[in-house]
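Visitor: below are the sequence and a predicted model for it; my questions follow.
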Amino acid sequence: MAYDAVIIGAGMSGLAAGIRLAHYRKSVCILEQHHAIGGLNSFYRQRGRTLDVGLHALTNYVPKGTKSGPLSRLLRHLRLTWDELALVPQLGSTIAFPDIRLNFNNHFELFVSEVRKFFPRQIDGLMNLVNALLEYDQLGRGISGGSAREFVKSHITDPLLTEMIFCPLLYYGGARERDMEFGQFCIMFRSIFLEGFARPFDGVRLILKKLLQKFKTLGGELRLRTGVRRIFSKLGRVEKVQLSDGSEIEAKNVLSSAGWSETMQLCDCQLADEHGKQLGTGQLGFIETISVLDKEPKQLGHDRTIVFFNDSENFCYEKPNMPVDLRSGVICSPNNFDYNESLGEGLIRITAIANFDQWKNLSTEDYRKAKQIWYDKTLESAIRFMPDFRKHVVDTDMFTPLTISRFTGKENGAIYGAPDKKYDGKTHLENLYVCGTDQGMVGIIGAIVSGITIANQYLLNG
């Protein structure tokens, strides 16, 4: 059988592309090398608990009934209702630097008032910055290049405010060290400050369940535990795909969410090696600790949804020379969204920048010991910016860049992929396209938008 489209990876972008194509009665097969869907945004069971992988919050949130914005547009394109995602907004988040904390929520006016209070001379610059943001296409097209730091510098003259603005944007979407491409900055600034954070009560599994149900209802085929060994081409086009068991399937088109370099490594032609280096190699990995508590964080005096912290006036977003950079991080509490009921147990997730190579080179026993050491150090770092919750911890887990590499195939465990992006999604093969992180869209909404965009543009002709 020759499918209209074979999609590599059952993450958010792959599932979204599959739904979009299946709507138009295209024969679609999604191949996923693991036993579960979701990719970088999945979930797992541990000691009777269901824990999310990746999800802190869904960005780009706008209230029900809003007609504009990526969230509203993608719901229409996937023919999902607002209520199916059951999104609940954040209570409020904070950017915490020494001596200054800027609070923000899903109403930009709060952030403006905070900037006015702590940086009164910068308020005009902030508003000019907002007015100058690129009016990006709501489905991810029309992104331009250039340095975001140079753009911000032209509007904000206080270096500390600049660092505080970049801290959440880079942590939630920065593939480059120290800086961000201007188009990406526009997307991330809008998604975090002008739109906002939300989360389903049941976490990422609810979103994945709705996407998978929609895909299968439309006749799409999903093969789990089925990796891709090789992409064979002839005369500049994909001819067939060889699966991990050696079998082969034909495809009129192939969409890959595996990453640019990772996709090029699957191709059988010599050009693929050269193209694989085109976007560079991602260097930014992360660790994340998960702490289950016997009390909800609010009972311990912590009511922030997310805290982006940094312990000096300079924010160093770069590959550290140690396993974990403890100078900055992200504290997320899934409990602190505006739910009508309790999650039952408390949950604190802490993310920090990490060095893949230092984790990769450890022996199995040293790796286990290092996880415990750096779990403790990460919590010690975080409690400088929140109440000390450590005596209330009843269960733990921890991810490293090596975990990400093992389970997603991402080089260096770099969840945001290559430092440069392939915004048009095209490859050297006429019918092979990339979607997801290396197409330039990050986060849950970004990944879904990417899948929709590539399917629309190349397989549905707009």
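Guide: Noted; the coordinates are in hand.

Visitor: how near is the closest residue to residue 385 other than its chain neighbours to residue 178?
Guide: Taking CB to CB, 6 or more residues apart in numbering, and ignoring the residues beside it in sequence, residue 385 has residue 309 as its nearest neighbour in space, at 4.2 Å. C-beta coordinates here come from the backbone N, C-alpha and C atoms, glycine included. Remark: distance between residue 309 and residue 178 (CB to CB, to the nearest Å) = 18 Å.

Visitor: counting neighbours, go ahead and name the busier of those two.
Guide: Remark: of residue 309 and residue 178, residue 309 carries more neighbours, 23 against 13, as counted by other CB atoms under 10 Å.

Visitor: secondary structure class for that one?
Guide: strand (DSSP: H, G, I helix; E, B strand; the rest coil).

Visitor: look up phi and psi at the residue lying closest to residue 81 once chain neighbours are set aside.
Guide: Nearest residue to residue 81, sequence neighbours excluded (CB to CB, 6+ apart): residue 75, at 7.1 Å. Main-chain dihedrals, residue 75, degrees, to the nearest 10: phi -60, psi -40.

Visitor: and residue 75, what's its pLDDT?
Guide: Looking at residue 75, its pLDDT reads 92.

Visitor: same check, this time on the one 10 residues further on
Guide: Reading off the confidence values, residue 85 has pLDDT 90.

Visitor: and what of residue 344?
Guide: pLDDT, residue 344: 85.

Visitor: how about it, what does it touch?
Guide: Shown in contact with residue 344 (CB atoms under 8 Å, 6 or more residues apart in numbering): no residues.

Visitor: how about it, phi and psi?
Guide: phi 100, psi -60.

Visitor: state the distance from it to residue 334.
Guide: Remark: distance between residue 344 and residue 334 (CB to CB) = 11 Å.

Visitor: what of residue 223?
Guide: Taking CB to CB as the measure, residue 223 falls 31 Å from residue 334.

Visitor: do the same with residue 419
Guide: Taken as CB to CB, the span from residue 419 to residue 334 is 30 Å.

Visitor: which one's more surrounded, these two?
Guide: residue 334 (22 against 18).

Visitor: quick one: contacts for the more buried one?
Guide: 52, 199, 203, 343, 347, 349.

Visitor: make it 6 Å
Guide: Contacts of residue 334 were listed using CB atoms under 6 Å, 6 or more residues apart in numbering, and they are residue 347.

Visitor: ok, residue 114 next?
Guide: Residue 114 neighbours (CB under 6 Å, 6+ apart): 102, 103.

Visitor: how about a cut-off of 8 Å?
Guide: By CB under 8 Å, 6+ apart, the contact set of residue 114 is 102, 103, 104.

Visitor: likewise residue 217?
Guide: Applying CB under 8 Å, 6+ apart, no residues contact residue 217.

Visitor: per-residue pLDDT, it?
Guide: For residue 217, pLDDT reads 96.

Visitor: still on that earlier bit, among the contacts of residue 114, the buried ones, what's the PyMOL command?
Guide: A single PyMOL command suffices to select whichever of the contacts of residue 114 are buried according to 16 or more other CB atoms under 10 Å:
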select buried, resi 102+104
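
Visitor: which one of the contacts of residue 114 is nearest residue 318?
Guide: residue 102 (22.6 Å; CB to CB).

Visitor: next up, phi/psi of that closest one, please.
Guide: With angles defined as degrees, to the nearest 10, residue 102 sits at phi -100, psi 120.

Visitor: ditto for the one 10 residues further on
Guide: In this entry, residue 112 is assigned phi and psi values of phi -60, psi -40 (degrees, to the nearest 10).

Visitor: does it really touch residue 126, like I thought?
Guide: Yes. Applying CB atoms under 8 Å, one finds residue 112 in contact with residue 126, separated by 6.9 Å.

Visitor: who has more neighbours, these two?
Guide: Set residue 112 next to residue 126 and count neighbours by other CB under 10 Å: residue 126 wins out with 20 against 16.

Visitor: residue 354 versus that one, what's the distance?
Guide: Counting by CB to CB, the separation of residue 126 from residue 354 is 32 Å.

Visitor: go on, residue 457?
Guide: For residue 457 relative to residue 354 (CB to CB), the value is 35 Å.

Visitor: neighbour count winner among the two?
Guide: Higher neighbour count among residue 457 and residue 354: residue 354, with 27 against 17, using other CB under 10 Å.

Visitor: list the beta-bridge partners for that one.
Guide: residue 285, residue 324 (DSSP bridges).

Visitor: spit out the contact partners of residue 226.
Guide: By CB under 8 Å, 6+ apart, the contact set of residue 226 is 31, 32, 33, 243, 244, 245.

Visitor: top helix in this protein by residue count?
Guide: helix 364-382 (DSSP state H).

Visitor: now the helices for the stretch 201-350 of the chain?
Guide: Counting by DSSP state H, counting those that start in this stretch, the stretch 201-350 of the chain has helices at residues 204-217, 260-264, 271-276.

Visitor: which elements pack onto the last one?
Guide: What it means is helix 271-276. helix 260-264 (3 or more CB pairs under 8 Å, 6 or more residues apart in numbering; DSSP states H and E).

Visitor: and stretch 249-256, average pLDDT?
Guide: Across stretch 249-256, the average pLDDT comes to 95.

Visitor: what comes up buried for that stretch?
Guide: For stretch 249-256, the neighbour count (16+ other CB under 10 Å) marks 249, 251, 253, 254, 255, 256 as buried.

Visitor: quick one: residues contacting the nearest residue to the second one once chain neighbours are set aside.
Guide: To tie it back to what came earlier, the one meant is residue 251. Residue nearest to residue 251 in three dimensions, not counting chain neighbours: residue 6, with 3.9 Å by CB to CB, 6+ apart. Going by CB under 8 Å, 6+ apart, residue 6 touches 28, 29, 30, 31, 241, 249, 251, 253, 254, 255.

Visitor: which one of these sits closest to residue 390?
Guide: residue 30 (41.7 Å).

Visitor: bridging residues for residue 249?
Guide: Beta-bridge partners, per DSSP bridges, of residue 249: residue 241.

Visitor: show residues contacting the helix or strand of the chain with the lowest mean pLDDT.
Guide: Least confident element among the helices and strands of the chain, by mean pLDDT, DSSP states H and E: helix 271-276 (a mean of 73). The contact list for helix 271-276, computed with CB under 8 Å, 6+ apart, reads 260, 261, 264, 265, 266, 427, 428.

Visitor: let's have those in CSV, adding distance to residue 295, neighbour count and pLDDT.
Guide: Shown next, in CSV, are the contacts of helix 271-276 (distance: CB to CB, whole Å; neighbours: other CB atoms under 10 Å; pLDDT from 0 to 100):
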residue, distance to residue 295, neighbour count, pLDDT
260, 44, 29, 91
261, 44, 22, 91
264, 49, 25, 92
265, 47, 16, 92
266, 48, 21, 91
427, 51, 23, 94
428, 55, 15, 92
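
Visitor: I'm done for today, thanks for sticking with me.
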